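Chemist: How does the following fold in three dimensions:
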Amino acid sequence: MKQIKQWLSRHNRKRLDRRNRAMFAQLTADGVVYLNPIDLKGIDLAIVGPASTVIEELISYPIGPETWVCRMNNGVRQADENPKVFGDRTDIWIHNLKMKGTRSVQNISAATLASHRVRYVVYPHAASPEHIAPKLLQLRKATHDTKGVVPPIDFYQTLVADLGGHTPTAGCVMIMLALQASLKSLSIYGFTFFQTSYTRGYNDTVKDGQAAMNWAMATGMHNPEAEAKLVAQRITKHRKSNGFPIHLGDGVKTALNSHSNDILED
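Modeler: Sure thing, here's the model as predicted:
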């Protein structure tokens with residue numbers, strides 16, 4: 001009986017995978033699927049994370065009026081509550097599509113997409129066509145006229161391998177994708193790689209740095225230390241090759257400096 005159940009489980013999994021691959025092919029035929037580095041060519045990009053350092057960083061180095069802004073999950077709600085500091089636009093919204101449960105985030109609504117002038121809503125985890133097909137379908141239904149996309153699958157799989165098989169966080173995905181683009185400039189705010197708490201209103205169940213680290217590690221999927229080390233290495237390499245300018249918020253620099261042989265200054 002146990003062997004029969006195992007066979008049925010494998011059979012159903014294979015059947016579901018075939019169905020999802022077919023769904024992915026149809027979604028690809030119907031429109032844009034990926035956010036590619038080429039889509040970011042020539043722009044000033046600000047990636048705004050949720051760490052408790054973010055407000056001071058934004059005040060000391062404000063986002064320019066023509067800069068594209070990328071926010072994570074509940075970061076859009078923070079912008080609604082404090083547009084003077086966070087800005088009132090979200091060109092790229094990274095969203096985990098978890099609308100229920102302890103890790104749920106702000107719902108995607110037509111009103112929010114319109115008020116923030118969202119260009120892309122990105123589900124960050126592009127493990128395989130069969131994995132992302134249901135997520136893309138969910139995005140298409142939620143985003144209306146906004147492009148619901150994922151990172152390129154080969155890019156994502158390489159990033160997972162670079163992290164030793166761990167799932168990258170949304171912020172890590174976007175930073176690494178931006179480093180592959182031909183940007184005009186990049187600014188990174190509010191990322192301490194779970195060494196500090198979140199800023200108020202993003203996830204108020206997390207009270208301090210240890211709680212933030214526990215939250216990130218709870219599922220066993222993420223490795224914040226590996227992410228910080230990889231991001232530090234790639235930014236250092238980028239600067240040594242005289243790539244586009246990168247501004248790092250003070251909290252970002254502090255978090256990354258312990259993982260780089262070179263001081264990550266502007």
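Chemist: drop to CA atoms for contacts and neighbour counts, all remaining ones
Modeler: Will do.
Chemist: What are the boundaries of the helices in the stretch 101-250 of the chain?
Modeler: Applying DSSP state H, counting those that start in this stretch to the stretch 101-250 of the chain gives helices spanning 110-115, 129-143, 153-162, 170-179, 209-217, 224-240, 250-257.
Chemist: Confidence-wise, which helix or strand of the chain is lowest on average?
Modeler: helix 209-217 (a mean of 57; mean pLDDT, DSSP states H and E).
Chemist: on that earlier part again, ranking the helices of the stretch 101-250 of the chain by mean pLDDT, which is last?
Modeler: Among these, helix 209-217 carries the lowest mean pLDDT, a mean of 57.
Chemist: List the beta-bridge partners for residue 120.
Modeler: Residues in a beta bridge with residue 120, per DSSP bridges, are residue 92, residue 147.
Chemist: Hmm, it is touching residue 146, no?
Modeler: Yes: proximity of residue 120 to residue 146 meets the contact threshold set by Cα atoms under 8 Å, at 6.0 Å.
Chemist: more neighbours, the two?
Modeler: Of the pair residue 120 and residue 146, residue 120 is the one with more neighbours under other Cα atoms under 10 Å, namely 22 against 17.
Chemist: Pull up the gap between the more buried one and residue 240, please.
Modeler: As defined by Cα to Cα, to the nearest Å, residue 120 lies at a distance of 31 Å from residue 240.
Chemist: same thing with residue 158?
Modeler: Relative to residue 240, and taking Cα to Cα, residue 158 is found at 22 Å.
Chemist: got it, and residue 231?
Modeler: Distance from residue 231 to residue 240, counting by Cα to Cα: 14 Å.
Chemist: before we move on, back to that, same list, the helices of the stretch 101-250 of the chain, but as TSV with distance to residue 52 please.
Modeler: Shown next, in TSV, are the helices of the stretch 101-250 of the chain (distance: least, Cα to Cα, whole Å):
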stretch	distance to residue 52
helix 110-115	24
helix 129-143	29
helix 153-162	26
helix 170-179	15
helix 209-217	9
helix 224-240	16
helix 250-257	9
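Chemist: Quick one, which of these gets closest to residue 200.
Modeler: helix 209-217 (12.8 Å; Cα to Cα).
Chemist: need the contact list for the residue most central in space within the chain.
Modeler: The chain has residue 170 as the residue nearest its centroid, 2.6 Å off, counting by Cα atoms, centre = their mean. Residue 170 sits next to 72, 94-96, 124-125 when contact means Cα atoms under 8 Å, 6 or more residues apart in numbering.
Chemist: can you check residue 189 too?
Modeler: Per Cα under 8 Å, 6+ apart, neighbours of residue 189: 46-49, 54, 57-58, 248-249, 251-252.
Chemist: In these, find the pair that's most separated.
Modeler: 46 and 251 (15.1 Å).
Chemist: ok, residue 82 to residue 58 distance?
Modeler: From residue 82 to residue 58 the distance is 12 Å (Cα to Cα).
Chemist: Which of residue 46 and residue 251 has more residues huddled nearby?
Modeler: residue 46 (27 against 23).
Chemist: wait, the more buried one sits on residue 63?
Modeler: Yes: using Cα under 8 Å, residue 46 is in contact with residue 63, at 7.1 Å.
Chemist: Any regions of this protein where pLDDT drops low?
Modeler: 1-14, 16, 23, 27, 29-30, 99-104, 201-220, 260-266 (pLDDT under 70).
Chemist: Repeat the analysis, applying 50 as the threshold.
Modeler: 6-8, 11 (pLDDT under 50).
Chemist: so what's residue 254 closest to, chain neighbours aside?
Modeler: Nearest non-adjacent residue to residue 254, counting by Cα to Cα, 6 or more residues apart in numbering: residue 192, 7.7 Å away.
Chemist: Right, I'll leave it there.
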